[in-house]
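structure for this input, please:
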Amino acid sequence: MSKRMGFVGIVIEDREASADRVNQVLSDFGHLVIGRLGLPYRNRNVAVITVIVDGDADQIGALTGKLGNIDGVRAKAASVEV
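This is a model prediction of the structure:
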């Protein structure tokens, strides 16, 4: 399968309830992660994380799927073949 680079955008709707699980999934997929930027938005009790990834489509899809299965978490990916 071809290698891809892109990003995963993550919105955590309840930081206290879901942040630990999100961090565990990101750690499990750490071999794909090039960089990460996370910003808490306290006024709305949400956090937004952007993760730059390098892997194949199945790996990136698995990461996004695992994140999306966590209650209160939304994740979307965009990538290009490199």
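
going forward, measure contacts between C-alpha atoms and count neighbours the same way
Will do.

longest helix in this protein, by residue count?
When the chain is parsed with DSSP state H, its longest helix is helix 15-28.

tell me the buried residues in that one?
Of the residues in helix 15-28, Arg15, Ala19, Val22, Leu26 count as buried by neighbour count, 16 or more other Cα atoms under 10 Å.

what residues are up against the third one?
Taking Cα atoms under 8 Å, 6 or more residues apart in numbering as the criterion, Val22 is in contact with Leu67, Ile70.

helices of the protein, start to end?
Ranges of helices in the chain, per DSSP H, are 15-28, 57-68.

can you redo those helices as CSV with mean pLDDT and distance to Pro40?
What follows is these, written out as CSV (pLDDT from 0 to 100; distance: least, Cα to Cα, whole Å):
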stretch, mean pLDDT, distance to Pro40
helix 15-28, 94, 8
helix 57-68, 97, 17
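
what's the closest of those helices to Ser2?
Of all the helices of the chain, helix 57-68 sits nearest to Ser2, with 7.6 Å by Cα to Cα.

which strands and helices sit next to the closest one?
Judged by 3 or more Cα pairs under 8 Å, 6 or more residues apart in numbering; DSSP states H and E, the packing partners of helix 57-68 are strand 3-12, helix 15-28, strand 73-81.
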